[in-house]
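> My questions are about this predicted structure, shown below with the sequence.
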Amino acid sequence: MRRPGRSYRGERGIVMRVRHRSRIRRRTAGMLTALAVVGGSLTVGATGAAANATSGAAFAPAISCPAVADRVGDVPARAQAEVQRNLQQLETQIAEANRRLASSQGQGGPNFVRNAILSPLKDKRTAALQRIEIAFRRAGAQVPNGLDGLATCSVRDDGTGDGNDDGNGTGQDNGQDNGQDNGGQQDDAGQGNGEQQDDGQQDNGGETGATGGITCPSVADRLGQIPARARAEVQRNLRQLETQIAEANRRLERAAGQGGSNFVRNAILGPLKDKRTATLQRIALAFQRAGARAPADLRTLATCEVGNPGNGGNNGNDGNNGNDGNTGNDGGNGDNNGGQARGPVAADFVDIRSVRPNVRTPRTQRNGSRGTFSVDCGRNEGRIFNSDNVIVAPGVSNGAQHTHDYVGNESTNNQSTNESLLAAGTTCTNGDKSTHYWPVLRALGQEEFDADQRGGGLDLNVGKILTPVQVQITFKGNPTAKVVPAPQFLRIITGNARVNGAEHNAGWTCTGFENRQLTDKYPLCPRGSRLVRVFDFQSCWDGQNIDSANHRTHVTFPEADGSCPQGFQPIPALEHRLVYNVPRGPNFAVDGFPEELHKPITDHSDFISLMNEQQMQRVVTCINSGRRCR
């Protein structure tokens with residue numbers, strides 16, 4: 001099996017320096033070409049700095065972040081690929097933040113850089129650092145100390161080391177910790193301890209009646225009876241909601257008359273909604289942990305508005321984020337129509353009729369297994385969505401940075417365990433509690449509920465989520481041998497969410513043309529034909545492990561003749577087949593990591609087997625006997 005082979009440059013606390021804005025416009029595309037280690041930091045665009053200083057050329061502000069690579073120490077062999085990928089991701093995040101910094105010069109007030117650039121950057125760095133920690137744990141190694149303290153970055157205004165955290169040359173950080181509303185860290189005003197702000201707020205979890213201030217839907221009166229086991233956690237988060245509004249109102253007061261028509265929405269209401277969403281999720285989780293049903297529709301209470309829409313044209317309407325560069329989307333600007341923020345491009349699409357037949361299926365031999373077993377788990381009619389990935393990033397909220405469709409197990413999220421999955425319900429009609437999930441497909445140019453949420457618009461995934469018209473989940477046999485039972489809790493990922501990753505095997509095709517499949521292009525289907533996504537999962541198992549450090553080496557694909565490589569044995573071969581009605585023309589895209597530009601080659605699907613021994617034996621017997629079963 002091929003392993004991901006990425007070139008890597010160690011993350012060393014990047015400081016990106018850029019010249020006058022006139023040069024920025026001409027040379028943005030080449031900003032990352034010159035890399036040099038300067039004074040213990042990797043400086044992007046530092047070539048020729050001395051000459052510029054001599055000539056009197058000024059430097060624009062630049063982002064400076066703590067070095068991470070030299071803090072991870074010896075990386076276990078099993079963790080190296082994942083750690084290096086995330087170190088590279090840290091570099092990408094800083095480079096993109098610097099591009100935003102350069103393109104936004106002169107915009108907003110004194111807090112714009114902190115709220116709209118540094119805060120989202122810190123949030124993303126925190127997630128990447130958490131993934132590094134997880135990689136160490138999975139390898140059975142001690143997690144490096146102090147990684148959580150390396151998320152905060154600052155701005156150097158002229159390359160002299162006189163950093164500040166607000167882009168206005170004050171050199172002050174004020175102990176503020178925007179965007180990290182995780183119940184333990186400071187929330188902009190150091191109010192991370194759950195203490196109640198007075199500020200005229202009612203003790204109802206989120207309403208303020210101040211004229212011209214921010215008003216949010218009440219939360220406390222929507223909770224009903226709070227379980228005793230959840231009461232302390234719920235009350236702490238209700239007070240946190242008040243703290244968030246109080247700080248947002250202080251920002252609103254300080255920002256009076258600053259920024260353009262979208263400043264309040266992007267720099268104040270957008271971040272506030274993101275924080276309220278996280279807090280409301282924690283309230284729901286507190287109910288669930290207490291064995292109670294979470295209150296319905298809590299997420300609809302996240303959106304706030306400005307009570308007096310007379311502040312320089314700012315109407316406080318947070319329902320149109322995605323139009324003007326959402327806070328947290330790390331550099332991507334929307335198209336003012338709720339359309340896709342970045343990518344895809346026209347070259348990512350091709351008429352399926354121009355593709356030659358290319359699907360080859362090995363002939364089933366005498367000892368092969370010809371049967372199939374189909375499972376009906378619905379089409380996600382209940383709209384079960386989240387942007388977690390419990391296989392790759394357990395415990396990390398928004399670990400996928402894109403939204404997943406879920407069928408089968410009804411409780412899958414970043415907090416899931418084998419035990420919680422077994423205890424949950426399922427959408428599968430045969431009682432199978434296995435979980436199946438894949439990135440959603442969106443129609444561009446249309447609004448969706450997550451337009452300004454993490455995993456959605458804040459991570460450049462916008463557009464209307466399309467529900468498949470058909471979802472087929474089928475287990476098949478092996479052309480050369482009988483299949484053996486797959487173990488309970490087996491985890492498999494097919495396809496790769498990274499453009500430069502390995503095993504890009506997810507297929508795109510159209511009904512009536514399914515002998516032609518694409519991996520790196522979206523097919524444009526003729527009238528009367530529907531779009532199809534096909535995910536064939538690895539069906540050769542090492543006989544021992546239910547997962548591996550890179551989530552791939554414990555399973556592999558059959559050889560060209562269908563046989564499993566030495567050391568592997570055939571298990572029922574899972575296939576996901578999804579059929580969609582999509583808009584005409586190149587007007588749809590799959591969700592993905594923001595930096596992957598919605599390339600079709602990043603499509604992928606995930607599976608955790610929860611079948612018990614009896615259920616799995618039924619599948620194996622059906623396949624090996626050559627029957628078609630449901």
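Arrived safely, thanks for sending. Numbering: from 1, shown residues only.
> in the stretch 301-450 of the chain, which spans are helices?
Under the criterion DSSP state H, counting those that start in this stretch, helices of the stretch 301-450 of the chain are mapped to 418-423.
> Could you list the low-confidence segments of it?
307-342 (pLDDT under 70).
> ok, which stretches of it are strands?
Taking DSSP state E, counting those that start in this stretch as the criterion, the stretch 301-450 of the chain carries its strands at 305-306, 349-351, 372-375, 385-386, 404-408, 435-439, 441-443.
> Could you dump these into CSV and include distance to Pro144 and mean neighbour count?
Using the backbone N, CA and C atoms, a C-beta is placed for each residue, glycine as well. Output for the strands of the stretch 301-450 of the chain, formatted as CSV (distance: least, C-beta to C-beta, whole Å; neighbours: other C-beta atoms under 10 Å):
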stretch, distance to Pro144, mean neighbour count
strand 305-306, 43, 20
strand 349-351, 44, 16
strand 372-375, 42, 20
strand 385-386, 28, 20
strand 404-408, 29, 25
strand 435-439, 31, 27
strand 441-443, 38, 22
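> Adding distance to Ile465 as columns, could you present those in TSV?
Output for the strands of the stretch 301-450 of the chain, formatted as TSV (distance: least, C-beta to C-beta, whole Å):
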stretch	distance to Ile465
strand 305-306	24
strand 349-351	20
strand 372-375	23
strand 385-386	7
strand 404-408	8
strand 435-439	10
strand 441-443	6
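> Out of the ones you listed, the one nearest Asp520 is which?
strand 349-351 (9.4 Å; C-beta to C-beta).
> who are the neighbours of the closest one, in terms of helices and strands?
strand 522-524 (3 or more C-beta pairs under 8 Å, 6 or more residues apart in numbering; DSSP states H and E).
> residue contacts, Arg630?
Arg630 makes contact with Phe373, Ser374, Val375, Asp376, Asn430 under the criterion C-beta atoms under 8 Å, 6 or more residues apart in numbering.
> For burial, what's the neighbour tally of the closest residue to the fourth one other than its chain neighbours?
Yep, that's Asp376 we're talking about. Counting by C-beta to C-beta, 6 or more residues apart in numbering, Thr429 is the residue found nearest to Asp376 once chain neighbours are left out, at 4.7 Å. Residues near Thr429, counting by other C-beta atoms under 10 Å, number 11.
> Next one: Thr429 from Leu578, what distance?
Distance, Thr429 to Leu578, by C-beta to C-beta, to the nearest Å: 18 Å.
> just Gln544 next, same as before
Distance from Gln544 to Leu578, by C-beta to C-beta: 31 Å.
> For those two, indicate the residue with more neighbours.
Set Gln544 next to Leu578 and count neighbours by other C-beta under 10 Å: Leu578 wins out with 22 against 9.
> Surely the more buried one forms part of a strand?
Yes. According to DSSP: H, G, I helix; E, B strand; the rest coil, Leu578 belongs to a strand.
> my guess is it contacts Val532, does it?
Yes. If you go by C-beta atoms under 8 Å, Leu578 and Val532 touch, sitting 6.9 Å apart.
> residue closest to the middle of this structure?
When the chain is reduced to its mean C-alpha position, the nearest residue by C-alpha atoms, centre = their mean turns out to be Gln401, at 0.7 Å.
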